[in-house]
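S.K.: heads up, no residue letters with this:
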Ligand code: NCD
């Protein structure tokens, strides 16, 4: 792996390798305490972030590396009009690996063309969020011991949520997975993504959650992406379309897991946090192990 900007570029074996390495690291982190000694990671965040930035930082620091970067583009020269490629050229000179989150689709490709060190996307517009998908499948694998023969419901803003395409691409690499895509009609998964997974992943599209959730292994809930809406009124109309609360989950199996990339707003009520199915905080924590594994494989 030279750069990581799309899950599409990873094979099933590469995904499994990251998952198994993340597991190994979680079980024995001290073995990796010096793996990034003397290395520098540049974190370039052109969009807000809590988990992605902090867990990448935590991952790199836990392996003995050092960090530079910015979390507010207004404090960087992009504010003066500097291009993505010039910023990346400079960050390549100052670091051994770059993590970039950017609001523009295509920015990952542009950046990877000029980066002379490994470039990792921490989220690219509405396009993809590859490291999130890797921590998501790590979470699923830890729970079920497999990444095939799974029934996964994806719920919420499937149009603008970038974690969705990446997770769909990841699940499509394995056998016999079925996904059910629940969103308001206005927020369906984009056609281009559906054509990418066509024939590789069995999917059904719907608006109403089924009354019975028994067959689901995973319910993956997402936030309605306020900042991507062209029309604020439409956001107001759709923001509470799904609210997952204990009564919605009544028919779920005890071993089903509720996931969410976070931040959650109103789409999962706080009383779900206490239920045995809630796995979103654990999922976020898994992000550190998954990102340590990704960095370990990419920065040597
Ligand atoms: C996601 C993102 O930025 O796409 N957050 C994250 O990285 N965990 C999801 C979101 O913002 O809704």
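M.R.: Perfect, thanks for sending it. Given the structure is predicted, the values throughout are model-derived calculations rather than measurements.
S.K.: Which positions are bridged to the nearest residue to residue 71 once chain neighbours are set aside in the beta structure?
M.R.: Excluding its sequence neighbours, the residue lying closest to residue 71 (C-beta to C-beta, 6 or more residues apart in numbering) is residue 45, at 4.7 Å. For glycine as for every other residue, the C-beta is placed from the backbone atoms N, C-alpha and C. Taking DSSP bridges as the rule, residue 45 bridges to residue 101.
S.K.: Now do residue 45 against the ligand, distance only.
M.R.: 10 Å (C-beta to the nearest ligand atom, to the nearest Å).
S.K.: That residue against residue 69, yeah?
M.R.: Yes: the pair residue 45 / residue 69 is scored as a contact, 7.1 Å apart, by C-beta atoms under 8 Å.
S.K.: Report the contact partners of the residue nearest to residue 71.
M.R.: 53, 69-73, 100-101, 122 (C-beta atoms under 8 Å, 6 or more residues apart in numbering).
S.K.: what's the answer for residue 173, then?
M.R.: 10-12, 15, 200.
S.K.: And those residues, which of them are buried?
M.R.: Buried by 16 or more other C-beta atoms under 10 Å: 10, 15, out of these.
S.K.: Using JSON lines, please lay out the contacts of residue 173 together with secondary structure.
M.R.: Below are the contacts of residue 173 laid out as JSON lines (DSSP: H, G, I helix; E, B strand; the rest coil):
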{"residue": "10", "secondary structure": "coil"}
{"residue": "11", "secondary structure": "coil"}
{"residue": "12", "secondary structure": "helix"}
{"residue": "15", "secondary structure": "helix"}
{"residue": "200", "secondary structure": "coil"}
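S.K.: And stretch 280-298, what's buried?
M.R.: 280, 283-284, 286-296, 298.
S.K.: Would you mind naming what in this structure lies close to the ligand?
M.R.: Contact residues, the chain versus the ligand (C-beta under 6 Å from any ligand atom): 51-52, 123, 129, 132, 161-163, 223, 261-262.
S.K.: CSV for the contacts of residue 173, including pLDDT?
M.R.: Output for the contacts of residue 173, formatted as CSV (pLDDT from 0 to 100):
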residue, pLDDT
10, 98
11, 98
12, 98
15, 98
200, 96
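S.K.: so which of the residues of the chain next to the ligand comes closest to residue 87?
M.R.: residue 123 (16.4 Å; C-beta to C-beta).
S.K.: in the protein, which spans are strands?
M.R.: 40-45, 66-70, 97-102, 119-124, 151-155, 178-182, 202-206, 218-221, 257-259 (DSSP state E).
S.K.: Just send these back as JSON lines, with mean pLDDT too.
M.R.: Shown next, in JSON lines, are these (pLDDT from 0 to 100):
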{"stretch": "strand 40-45", "mean pLDDT": "98"}
{"stretch": "strand 66-70", "mean pLDDT": "97"}
{"stretch": "strand 97-102", "mean pLDDT": "98"}
{"stretch": "strand 119-124", "mean pLDDT": "98"}
{"stretch": "strand 151-155", "mean pLDDT": "98"}
{"stretch": "strand 178-182", "mean pLDDT": "98"}
{"stretch": "strand 202-206", "mean pLDDT": "98"}
{"stretch": "strand 218-221", "mean pLDDT": "98"}
{"stretch": "strand 257-259", "mean pLDDT": "98"}
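S.K.: nearest to residue 4, of the ones you listed?
M.R.: strand 119-124 (4.7 Å).
S.K.: sorry, back to before: would TSV of the residues of the chain next to the ligand with neighbour count and distance to residue 195 be doable?
M.R.: Below are those laid out as TSV (neighbours: other C-beta atoms under 10 Å; distance: C-beta to C-beta, whole Å):
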residue	neighbour count	distance to residue 195
51	19	30
52	25	28
123	26	23
129	26	20
132	28	22
161	24	18
162	23	18
163	24	19
223	20	25
261	27	24
262	19	29
